[in-house]
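Enquirer: I'd like to go over a predicted model; first the sequence, then the structure.
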Amino acid sequence: MTSGALGRVETELPGLPEALRRVGEVILDDPAEAARSTIIALAERAGSSPATVTRFCRAFGFSGYAELRVALATETGRAAQAGWGAGVGHEIGPEDPLDKAVEVMAAADARLIQDTAAGLDLDLVARVADAIVAAPRVLLVGVSTSGNVATMFEGRLRRIGIPGWSAGDAHVALSEAALLKQGDVAIGISHRGRTREVMEALAEAGSHGALTVAVTSFARSPLADLADLVLTTASRETTFRLGGLAAVHSQLFVLDAVYVAVAQRTYERTNEAFERTISAVESHRVERG
């Protein structure tokens, strides 16, 4: 991972060992200062050692501290240019005017999407899209908020003629997963990657030869461990939007990237499907007055 570093550190910070967590906290507290610091200075501020900083770098996919500094400098420069500092990290209080609350939301969401795009593995997106195009069946599994995301993605696939189903009920998901075969695709969506219903369905699908894909904010999670492919999402918790709610836009963005890649690969069929479905519902639209 060489981009979207701050969002990834923020997301995975609670699950890191204490020594690595202190390094992450120092970086998040002042990313620009961290980008200017030597490895010894950063280690001292974290109450740690240069060896621990190096372990932190490698835990996030960097070859060493020099590569991390470049990523931080690039990201903080991009954030300053975009003016993200105006709203990111601000809490929304009960007395704040609505325009201030909307400003904070817009800044946080813009940063979230940029972090997600920067961290997206495009080769993986292409592999998932290829598999979906070739698959006789595509199963989407998610619970609660992630279940709503699964349903939305199912609708997009079916709209362009891709045979997809979503399942939020645990028994239905397991039953659908048990009917999958080699060549089918099962996609499990879970913000933390620890939702038992999603993990069980993906494991069941994999046991029958289906390609399994995890969509999660935590690359080191039980769901990611059991999946064949992992698409990571960023998350940025803000006031009143915690946990899974903080990852919804990111999940939709990642799956939208997959959807666009699928539509590119089925261009003529997709356009024909659009024309036929638009025509089918045209009579239900109210004429302009």
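Expert: In hand now; what should we look at?

Enquirer: for the stretch 51-200 of the chain, which spans come out with low pLDDT?
Expert: The stretch 51-200 of the chain contains residues with pLDDT under 70 at 78-91.

Enquirer: let's see 90
Expert: Applying pLDDT under 90 to the stretch 51-200 of the chain flags the ranges 58-120, 144-145, 168, 191-192.

Enquirer: Could you pull out the buried residues of the longest helix seen in the chain?
Expert: Counting residues, the longest helix found in the chain (DSSP state H) is helix 98-119. Buried positions in helix 98-119, judged by neighbour count with 16 or more other CB atoms under 10 Å: 101, 103-105, 107-112, 114-119. No exception for glycine: its C-beta is placed from N, CA and C like everyone else's.

Enquirer: any idea how far the helix or strand following it is from the chain center?
Expert: The helix or strand immediately downstream of helix 98-119 is helix 122-134, counting by DSSP states H and E. Offset of helix 122-134 from its chain centre (CA atoms, centre = their mean, to the nearest Å): 16 Å.

Enquirer: hang on, Leu180 packs against Ala210?
Expert: Yes: counting by CB atoms under 8 Å, Ala210 is a contact partner of Leu180 at 4.0 Å.

Enquirer: Put the alpha carbons of stretch 18-32 into CSV.
Expert: Output of stretch 18-32 as CSV, limited to C-alpha atoms (Å, rounded to 0.1, in the frame of the first residue of the first chain):
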residue,chain,number,x,y,z
GLU,A,18,0.1,-1.4,21.5
ALA,A,19,3.6,-0.5,20.3
LEU,A,20,2.5,-0.1,16.7
ARG,A,21,-0.7,1.7,17.7
ARG,A,22,1.5,4.4,19.4
VAL,A,23,3.4,4.9,16.2
GLY,A,24,0.1,5.2,14.3
GLU,A,25,-1.3,7.7,16.8
VAL,A,26,1.8,10.0,16.4
ILE,A,27,1.4,9.9,12.6
LEU,A,28,-2.3,10.6,12.7
ASP,A,29,-1.8,13.4,15.3
ASP,A,30,0.4,15.4,12.8
PRO,A,31,0.9,13.6,9.5
ALA,A,32,2.9,16.6,8.0
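
Enquirer: what separates it from the chain centre, distance-wise?
Expert: For stretch 18-32, the distance to the chain centre is 22 Å (CA atoms, centre = their mean).

Enquirer: Which residues does the strand or helix carrying Val141 contact?
Expert: Assigned by DSSP H and E, Val141 belongs to strand 138-142. Around strand 138-142, the neighbours that count as contacts under CB atoms under 8 Å, 6 or more residues apart in numbering are 132, 148-151, 153-154, 157, 162-168, 173, 176-177, 180, 184-190, 195, 197-198, 201-202, 205, 210.

Enquirer: ditto for stretch 157-171
Expert: Counting by CB under 8 Å, 6+ apart, 132-133, 135-144, 147, 150-151, 153-154, 173, 176, 197, 200-201, 259, 262-263, 266, 269-270, 273-274, 277 sit against stretch 157-171.

Enquirer: For the stretch 101-250 of the chain, which segments are assigned as helices?
Expert: Using DSSP state H, counting those that start in this stretch, the helices assigned to the stretch 101-250 of the chain run over residues 122-134, 145-159, 170-178, 196-207, 222-226, 248-265.

Enquirer: Those: which one's closest to Ser37?
Expert: helix 248-265 (29.1 Å; CB to CB).

Enquirer: now the angle between strand 138-142 and the closest one, please.
Expert: 180 degrees (axes from the mean of the first three to the mean of the last three CA atoms, to 10 degrees).

Enquirer: Next SSE downstream of helix 248-265?
Expert: Counting by DSSP H and E, what follows helix 248-265 is helix 267-281.

Enquirer: Show me what that next one is packed against.
Expert: helix 145-159 (3 or more CB pairs under 8 Å, 6 or more residues apart in numbering; DSSP states H and E).

Enquirer: circling back: can I have the buried ones of the contacts of stretch 157-171 as a ChimeraX selection?
Expert: Buried members of those, defined by 16+ other CB under 10 Å, are picked up in ChimeraX with:
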select :132,133,135,137,138,139,140,141,142,143,147,150,153,154,173,176,197,200,201,259,262,263,266,270,273
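
Enquirer: that older thread, show me just the buried residues among the contacts of strand 138-142.
Expert: 132, 148-150, 153-154, 157, 162, 164-168, 173, 176-177, 180, 184-190, 195, 197-198, 201-202, 205, 210.

Enquirer: sorry, back to before: for Thr76, which of the helices of the stretch 101-250 of the chain is the nearest?
Expert: Among the helices of the stretch 101-250 of the chain, the nearest to Thr76 by CB to CB is helix 248-265 (20.5 Å).
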